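K.L.:
With the input below, show me the fold.
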Amino acid sequence: MRKTVLVQAIACALISGAAHAAVKLEDKTFNTAANMLAYTEFELSGEPLAEALGLDLDVLDANRADEPTPFDFAAGIESYEYSEEAMYALNYQSGMGPHLVNGPQNLARGGTMASLGQRVLAMADAVGFPADEVPQGMYPLSLPYASANPEFAQAVNAPPVNGDQITIKTAKGTEKTVKTQVPAYFRDYSTLRWSGSDNLLVPAAVGGILLKEVMWSQDFLGGMHVAETDEEVEAASATMAQDGKHKLGVSAADGFNGMMLTEQSIDKLAIMQNQLGFDGKQLGAKITPQYDPAKGVVYFPHQVKVTETSNNDAGAIGKLEVVDGSAQLRDAWMMLWPLSEFYAFSDQRSANTNQNPAFHAVFDGAPFAAAPAANKTNDLGKAVAGSDAFSLAINLSNLTFKNLAALHFDTKAGTLVDSWQAGKQGKHVTTFDAAYALVALQIFQRAQDALPVGYAAGDNGELNLKTKQGQEALDLIRKQADFILANLKGKNGLVHDGITLGGKLDAGHSIDAQFAAIRGLTAAFLATSDAKYRTAARELFIATDKAYFNAKAGTWLAGKQGEYTPWTQAAISGALRSAMLNLRNEGAEKAPELELAKLTGQYVSWFRGTVNGGMQMAEWIGDSGENIIEGAGSDTDEDGVPQVTAAGGKHGTAMVMAAKAVISE
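P.N.:
Here you go, the predicted model:
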């Protein structure tokens, strides 16, 4: 469909009805795993989606709401920028986890704040980012806790200085020229710490932020830039950044964030490898690339309590105590997906001729360590455990994939089950997790076989390698997808929320399960090219839309109201993107539910009604359209999302999503 036709169709859809959901927050807690999964789907359903549908990203302007179309703005600005802002809120500002200064990499450099400062300066230099522009008061985390109170713990340092004069157009169509201001907290994060957390390390939460980090790192470090002009250029070779004219990163600012995020990713993987492996008796069990669960299971337990100590005036890991020693499928797939992305990002296998030269330059020894020769051979039998990025990715992705199969896959039933403990598999299958496991397995297979991941995970690419583990992953994908089709679909065309093997189907047909299954079946189609999975995903989308789309609310509800969590938002975002890119009508297909114009209109009404409508509790200033303007209130872009200092709580709330809301007409 031509872009002009799409613009007209969306405009007509929006003018014809003022659909808008009512949102009542029930729980403002920040759930790390759920939030970061949702924000990953928001990222992929942001600029990459809008661009794939024909948008020239250069025409987007955060201060011009709904231009060039409401869909383009909702996807390319709001969805995309919220996903980035929330990552920084957790990783740089919250304080909800041990500080990077006390992490394994900095301990190896001397373990002082000065040694971390020197490292930050070296990373800034590698991308040409001015040292005096590094935000003050950063609290970079090694890894985050599972949940936290995102309300600020103290008064925020907000005195403004004058900024630029700009012309804005708000979400309500108001157009005016204004003088912006820059608050102190924009450059100094020290007063943006959160109010408290559960101090639990949960693999799904660690995987959630790792996924955000590596998705953005691939974006930020996927090219190089001209040092003098900051102009982005494609990397012609891995040594281009050494010519005196070019620097790492697509720009200096983006490159710096890519550096920081990669440093944080390596830290958390080192902690996972060295401290969190569990053999059923104690933590710190040895993990090697030759890991074989048949010779003794080592895995990441569901909950580990941290007694935090203080060093360098910052949080450090003290005592670790296993409080839930089970292995959970949600933990496994939420680790496997980002580990696979990180494997592809840091891949140094000599057989991989597809690798981006810009990524090679990042991991060539400076600024990040290169892998040892044994880990470049694509032979796990010869691989060694190491502390560099690719060695960590090899070791941990191998462990996680093997455990997914050994601990969670019921070979008789042909499905992944929710839990494993003390040598016994559980009997329950949760549709949401079985479906999202398909997504993780798809990315794992692509990484192993050197196919594009990240924003290009939907592309066919050129098959570079055909690995044993890649083929094993494809086999698991087929079996799991076939189980969903054969055992979880009801007579109404919807999937059940789950099933107990040898027992009954779960009674519910939640919105979460429908959209997760659509997302997972689409991943199965993309991985296998088997059209039956696309057909099944199309049929499920049509059935879900007919059963649940509430035109008055502009979103999907089971009746006049329903409960949404960030898990819900993740699945809706992912399924809508799948529908637009892979399931929409082609050729003779005429399903009205899968017309592109209808899907983009629903994307706008869903996002504006439920995300902007209340679940996104605050937004940062700048990239998402919010500005500080004297006398203009705390929602200057009039999109329903307030600035952080006006977002509730005694001192304000971080730019993240609430844990639970009731959505109604």
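K.L.:
is it true that residue 72 lies in a strand?
P.N.:
No: per DSSP: H, G, I helix; E, B strand; the rest coil, residue 72 lies outside any strand segment and is helix.
K.L.:
List the contacts of it.
P.N.:
50, 55, 60 (Cβ atoms under 8 Å, 6 or more residues apart in numbering). (Glycine included, C-beta is placed from N, CA and C.)
K.L.:
Just send those residues back as TSV, with secondary structure too.
P.N.:
Listed next are the contacts of residue 72 as TSV, based on three-state DSSP:
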residue	secondary structure
50	helix
55	coil
60	coil
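K.L.:
Against residue 310, how distant is residue 188?
P.N.:
Applying Cβ to Cβ, to the nearest Å, the value for residue 188 to residue 310 is 22 Å.
K.L.:
Comparing these two, which shows the higher neighbour count?
P.N.:
Neighbour count, other Cβ atoms under 10 Å: between residue 188 and residue 310, residue 188 has more, with 14 against 11.
K.L.:
Just give the closest residue to that one, not the sequence neighbours.
P.N.:
Counting by Cβ to Cβ, 6 or more residues apart in numbering, the nearest residue to residue 188 once its immediate chain neighbours are dropped is residue 136, at 4.2 Å.
K.L.:
Show me where the stretch 251-400 of the chain has its strands.
P.N.:
303-311, 314-324, 327-328 (DSSP state E, counting those that start in this stretch).
K.L.:
got it, and the stretch 551-665 of the chain?
P.N.:
Ranges of strands within the stretch 551-665 of the chain are 555-556, 561-564, 628-629, 660-664, based on DSSP E, counting those that start in this stretch.
K.L.:
quick revisit: residues near the residue nearest to residue 188, how many?
P.N.:
Count around residue 136 with other Cβ under 10 Å applied: 10.
K.L.:
Then residue 483?
P.N.:
Residue 483, neighbours per other Cβ under 10 Å, totals 18.
K.L.:
With distance to residue 35 as new columns, can the strands of the stretch 251-400 of the chain be given to me in JSON lines?
P.N.:
As requested, these are arranged in JSON lines below (distance: least, Cβ to Cβ, whole Å):
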{"stretch": "strand 303-311", "distance to residue 35": "18"}
{"stretch": "strand 314-324", "distance to residue 35": "20"}
{"stretch": "strand 327-328", "distance to residue 35": "18"}
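K.L.:
if we can go back for a sec, between the contacts of residue 72, which is nearest residue 321?
P.N.:
residue 50 (45.9 Å; Cβ to Cβ).
K.L.:
so how far is residue 31 from that closest one?
P.N.:
For residue 50, the distance to residue 31 - Cβ to Cβ - is 27 Å.
K.L.:
ok, and the closest non-adjacent residue to residue 623?
P.N.:
Distances taken as Cβ to Cβ, 6+ apart place residue 81 nearest to residue 623, at 4.6 Å, with adjacent residues excluded.
K.L.:
Surely that neighbour is within a strand?
P.N.:
No: per three-state DSSP, residue 81 lies outside any strand segment and is helix.
K.L.:
Any chance of JSON lines for the strands of the stretch 251-400 of the chain, columns distance to residue 506 and mean pLDDT?
P.N.:
Output for the strands of the stretch 251-400 of the chain, formatted as JSON lines (distance: least, Cβ to Cβ, whole Å; pLDDT from 0 to 100):
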{"stretch": "strand 303-311", "distance to residue 506": "24", "mean pLDDT": "98"}
{"stretch": "strand 314-324", "distance to residue 506": "23", "mean pLDDT": "98"}
{"stretch": "strand 327-328", "distance to residue 506": "17", "mean pLDDT": "98"}
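K.L.:
What pLDDT does the model give the residue lying closest to residue 405 once chain neighbours are set aside?
P.N.:
Spatial nearest neighbour of residue 405, excluding adjacent residues (Cβ to Cβ, 6+ apart): residue 476 at 6.5 Å. Looking at residue 476, its pLDDT reads 98.
K.L.:
Also residue 548?
P.N.:
98.
K.L.:
can you pull the contacts of it?
P.N.:
511, 514, 556, 557, 558.
K.L.:
tell me which residues form a beta bridge with the residue lying closest to the first one once chain neighbours are set aside?
P.N.:
Meaning residue 511. Leaving aside its chain neighbours, residue 511 sits nearest to residue 556 (5.1 Å; criterion: Cβ to Cβ, 6+ apart). For residue 556, the beta-bridge partners under DSSP bridges are residue 549.
K.L.:
Could you measure from residue 260 over to residue 386?
P.N.:
22 Å.
K.L.:
between these two, which one's more packed in?
P.N.:
Counted by other Cβ under 10 Å, residue 260 and residue 386 do not tie: residue 260 has more neighbours, with 23 against 19.
K.L.:
and the strands of the stretch 551-665 of the chain, which is most packed in?
P.N.:
Highest mean neighbour count among these (mean count of other Cβ atoms under 10 Å): strand 555-556, with a mean of 26.
K.L.:
And the contacts of it?
P.N.:
By Cβ under 8 Å, 6+ apart, the list of residues contacting strand 555-556 reads 21, 511, 515, 544-545, 548-550, 562, 572, 602, 605-606, 609-610, 663.
K.L.:
for that strand, what is the average pLDDT?
P.N.:
The pLDDT scores in strand 555-556 average 98.
K.L.:
centre of the chain versus that strand, how much separation?
P.N.:
22 Å (Cα atoms, centre = their mean, to the nearest Å).
K.L.:
With stretch 352-362 instead?
P.N.:
Here stretch 352-362 is found 22 Å from its chain centre; the criterion is Cα atoms, centre = their mean.
K.L.:
And it, what's buried?
P.N.:
Buried residues in stretch 352-362, counted by 16 or more other Cβ atoms under 10 Å: 352, 354, 355, 356, 357, 358, 359, 360, 361, 362.
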